[in-house]
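Engineer: following is a predicted model, sequence given first.
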Amino acid sequence: MPGMPHANFVHLRVHSAYSLSESAIKVKELISLCKAEKMPAVAVTDTGNVFGALEFCAAAAEAGIQPIIGCQLWVRYESESMRALKAPEPAQLVLLAQNPEGYANLIRLISEAYLETPPGETPQVTLARVCALNAGLIALSGGVKGPVSRALLEGRAPVAEATLVQLAAGFKGRLYVELQRHGQPEEERTEEALVALAYKHDLPLVATNEPFFGTAEVYDAHDQTGEKRRALEVELRNLAWKAELSGRGSSKTGP
């Protein structure tokens, strides 16, 4: 609101409860947290979907907060160490919609990821496709799981730089090199190189956090629930496996 002091940090990579099986932040809770921290805007970047976009925009607008619709998209990643074994897990890229055209392109990319990815793989699109549908979108480099950082962690600095150059060419003036400090060793190992690449190619830096929970207490409860669920899944798989073995070992005879 005009005349009111604002926070000097705005979250650009929040996962809401629509990041299924990942986050526990409900939309109304997110808006309450933003009001409490005096954040004038916030971005929701759920994993592989924009299911919560309508609810998020309505709640944010009602509270006088600028909603930013985005998505953590999976992009195909080529890893030398895994090429001969199987398709590697895709890398992360964060896209934020600037306008209706950007939102339409975001929806198109998400749809193509689900419709065109081979069975058994995580829904993903190619980096070339993302660059082709760049209009109206802002790109963040994806943190330690982004294609640039992953190449750096694998010791492939030329590949990391080439990937960043490709993104910069696609998102002219709309690519930000993302830095995160969650206490992960991978972040420390890549930060210096990311900063150097950003300066070399005259790209802006952005610091992001990636919250999945509103408070540490919610994380603890979610983690315990997750552990119980995973333990139950293992137990059920074991029971199914034992039942299958039992079925294979028995012989059925007629009366």
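Structural biologist: In hand now; what should we look at?
Engineer: strands of the stretch 151-255 of the chain, residue ranges please.
Structural biologist: 175-179, 205-207 (DSSP state E, counting those that start in this stretch).
Engineer: so who does residue 150 touch?
Structural biologist: Counting by C-beta atoms under 8 Å, 6 or more residues apart in numbering, residue 150 makes contact with 77, 79, 91, 144. In this view, the C-beta of every residue, glycine as well, is placed from N, C-alpha and C.
Engineer: mind running it again at 10 Å?
Structural biologist: For residue 150, the residues meeting the contact criterion (C-beta atoms under 10 Å, 6 or more residues apart in numbering) are 77, 79, 88-92, 142-144, 156, 159-160, 163, 186, 190.
Engineer: and stretch 7-24, how far apart are its ends?
Structural biologist: Taking C-alpha to C-alpha, to the nearest Å as the measure, stretch 7-24 stretches 23 Å from start to finish.
Engineer: ditto for stretch 91-102
Structural biologist: Using C-alpha to C-alpha, the gap from the first to the last residue of stretch 91-102 comes to 21 Å.
Engineer: list the buried ones in it?
Structural biologist: By neighbour count, with 16 or more other C-beta atoms under 10 Å as the criterion, the buried positions of stretch 91-102 are 91-97, 102.
Engineer: ok, residue 213 - how many residues close by?
Structural biologist: 18 (other C-beta atoms under 10 Å).
Engineer: separation between the residue positioned nearest the centre of the chain and residue 126?
Structural biologist: A centroid search over the chain (C-alpha atoms, centre = their mean) returns residue 72, at 3.2 Å, as the residue closest to the centre. When distance is defined by C-beta to C-beta, to the nearest Å, residue 72 is 16 Å away from residue 126.
Engineer: that's a strand at the residue nearest to the centre of the chain, yeah?
Structural biologist: Yes: in this structure, residue 72 lies within a strand as judged by DSSP: H, G, I helix; E, B strand; the rest coil.
Engineer: got the contact list for it?
Structural biologist: With contact taken as C-beta under 10 Å, 6+ apart, residue 72 is in contact with 13, 15, 19, 22, 44-49, 92-95, 140, 142-143, 145-146, 210.
Engineer: need the helices for this structure, in chain order.
Structural biologist: 27-36, 53-62, 100-116, 127-132, 147-153, 157-170, 185-200, 216-249 (DSSP state H).
Engineer: okay, these, which one's buried deepest?
Structural biologist: Ranked by mean neighbour count under mean count of other C-beta atoms under 10 Å, the helices of the chain are led by helix 147-153, which reaches a mean of 24.
Engineer: just the C-alphas of it, formatted as CSV.
Structural biologist: What follows is helix 147-153, C-alpha atoms only, in CSV (Å, rounded to 0.1, in the frame of the first residue of the first chain):
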residue,chain,number,x,y,z
PRO,A,147,21.4,-26.9,-16.0
VAL,A,148,24.2,-24.4,-15.4
SER,A,149,25.0,-25.4,-11.8
ARG,A,150,24.7,-29.1,-12.6
ALA,A,151,27.3,-28.8,-15.4
LEU,A,152,29.6,-26.9,-13.0
LEU,A,153,29.2,-29.6,-10.3
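Engineer: so residue 187 touches residue 193, yeah?
Structural biologist: No: using C-beta atoms under 10 Å, residue 187 and residue 193 do not qualify as a contacting pair, with a distance of 11.5 Å.
Engineer: mutual contacts of the two, please.
Structural biologist: The overlap between the contact sets of residue 187 and residue 193 (C-beta under 10 Å, 6+ apart) consists of residue 149.
Engineer: run through the residues that contact the nearest residue to residue 204 once chain neighbours are set aside.
Structural biologist: In space, and not counting its chain neighbours, residue 204 is closest to residue 176: 5.3 Å by C-beta to C-beta, 6 or more residues apart in numbering. With contact set as C-beta under 10 Å, 6+ apart, residue 176 has these partners: 12, 94, 96, 138-141, 167, 198, 203-208.
Engineer: between those residues, which sits nearest residue 61?
Structural biologist: Using C-beta to C-beta, the shortest approach to residue 61 within those belongs to residue 96, at 17.2 Å.
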